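>>> all I have is the shape, not the residue letters:
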């Protein structure tokens, strides 16, 4: 049993190209410095003394910048290639972040946050296109999982260090975040070779053999109705899932009466489980040749189960910590089944000439969910309470699962 597990983990990390590992390293460096976003609301209210409403406006502007940035990043990736878009985003985004700490006026701050987020989030589709470029169909989902591992590990480090730096001086967050962006950019520049041809040029002579013709589209994603439906279902799932980072901690505190340190530990378990389990799980599922859409549907249903467990807090006489643990386990398994395979399906649906735009449209759905999830959750809790909110979230999860199921039916009817 031990030998089988050891072999499973070893095989899960084999076969990935050095460039995929380098991109994961760049992501790890970048995410280790992600400190401004988790503490931005506190910085605005505690250091700049803005009201909660004004801080909410700035956060909404942040989401708008992410939405526009992913759209532009996808366009630029297809036009100039993923290498230069990543490099531009890291270097200019890092430099702009260093300057952001000196902006205090409200309207100038809003425009500056929008510009910074636009620059920073143009990195997303370019980075995902790079991962797709340096992986093959057999390793692509694992390549995305490795990147997610780097993101989660970096977030854990960045959050811990950011909390310590914020206790000293909020300006240190901007220095750390900006400098790690610059370091990540220089690592990319020094060690990742410039592709010989751009993705657009490559598309003119590459024969697309990543996936069967039934799942690959040569059109713009904005004319691919099936993919638009896929993005809408993904955005609905992400809106539900992101309650984990906004409303769930509040529920743990107010209803389950957990301390801040215990809440932090529970939230950290999500990242720990992903780092330890996801790569091996994805490898095992891929070896079984299971349908990506079926795995996504299963994951979305598990999300419904996780939030339903919060709606019935008195079930089986479990303690608050036990209920929280049940939720974290189901939510994390859901995340591991959905996230890597959504990205992999997105790549399969595209071709090299439109890959950046496809990934950008998917990322735009994520940015929209990131913006709407906290607002939706807070309004629901304020007007109807936690129990009604969790039941609503459970229902939305099931709607999303039905949407993916209908999408699977449509894809199957298009088979030759």
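Looks like it arrived, so ask away. This one's a predicted model, so the numbers in the text were calculated from it and none came from an experiment.

>>> count of neighbours near residue 19?
18 (other Cβ atoms under 10 Å). C-beta here means a position set from N, CA and C on the backbone, and glycine is covered the same way.

>>> tell me the secondary structure for residue 34?
With DSSP: H, G, I helix; E, B strand; the rest coil as the basis, residue 34 sits in coil.

>>> poorly predicted segments of the stretch 101-250 of the chain, please.
Within the stretch 101-250 of the chain, the stretches with pLDDT under 70 are 196-219.

>>> what about 50?
Within the stretch 101-250 of the chain, the segments meeting pLDDT under 50 span 198-215.

>>> what is the end-to-end distance of stretch 33-49?
Across stretch 33-49, the terminal residues are separated by 24 Å (Cα to Cα, to the nearest Å).

>>> just how off-centre is it within its chain?
20 Å (Cα atoms, centre = their mean, to the nearest Å).

>>> same question for stretch 351-364.
15 Å.

>>> now do stretch 368-379
Here the centre of mass of C-alpha atoms in stretch 368-379, compared against the chain's by Cα atoms, centre = their mean, lies 15 Å away.

>>> flag every buried residue along that stretch.
Under the neighbour-count criterion of 16 or more other Cβ atoms under 10 Å, stretch 368-379 has 368-374, 376-377 buried.

>>> could you pull up phi and psi at residue 194?
Main-chain torsions, residue 194, degrees, to the nearest 10: phi -70, psi 130.

>>> spatially nearest residue to it (excluding sequence neighbours)?
Sequence neighbours aside, residue 83 is the residue nearest to residue 194 in space, at 5.5 Å (criterion: Cβ to Cβ, 6 or more residues apart in numbering).

>>> would you tell me what helix or strand the one you found is located in?
Applying DSSP states H and E as the criterion places residue 83 in helix 82-100.

>>> swap in residue 351?
Remark: residue 351 resides in no helix or strand, with elements defined by DSSP H and E.

>>> again, but for residue 135
Going by DSSP H and E, residue 135 is not in any helix or strand.

>>> need the contact partners of the helix holding residue 83.
For helix 82-100, the external contacting residues (Cβ atoms under 8 Å, 6 or more residues apart in numbering) are 26, 30, 36, 73, 76-77, 112-113, 115-116, 119-123, 125-127, 129-130, 133, 174-175, 177-182, 184-186, 188-189, 192, 194-195, 199, 356.

>>> what's the local residue count around residue 413?
8.

>>> list the contacts of it.
No residues are in contact with residue 413 under the rule Cβ under 8 Å, 6+ apart.

>>> next one, pLDDT for it please.
According to the per-residue confidence, residue 413 scores 77 in pLDDT.

>>> how close does it get to residue 226?
11 Å (Cβ to Cβ, to the nearest Å).

>>> try residue 382
When Cβ to Cβ is the yardstick, residue 382 and residue 226 sit 37 Å from each other.

>>> and the two? which has more neighbours close in?
Between residue 382 and residue 226, counted using other Cβ under 10 Å, the more crowded position is residue 226 (14 against 9).

>>> helix or strand right after the host helix or strand of that one?
Per DSSP H and E, residue 226 falls inside helix 225-241. Tracing the chain past helix 225-241, the next element assigned as helix or strand by DSSP H and E is helix 247-254.
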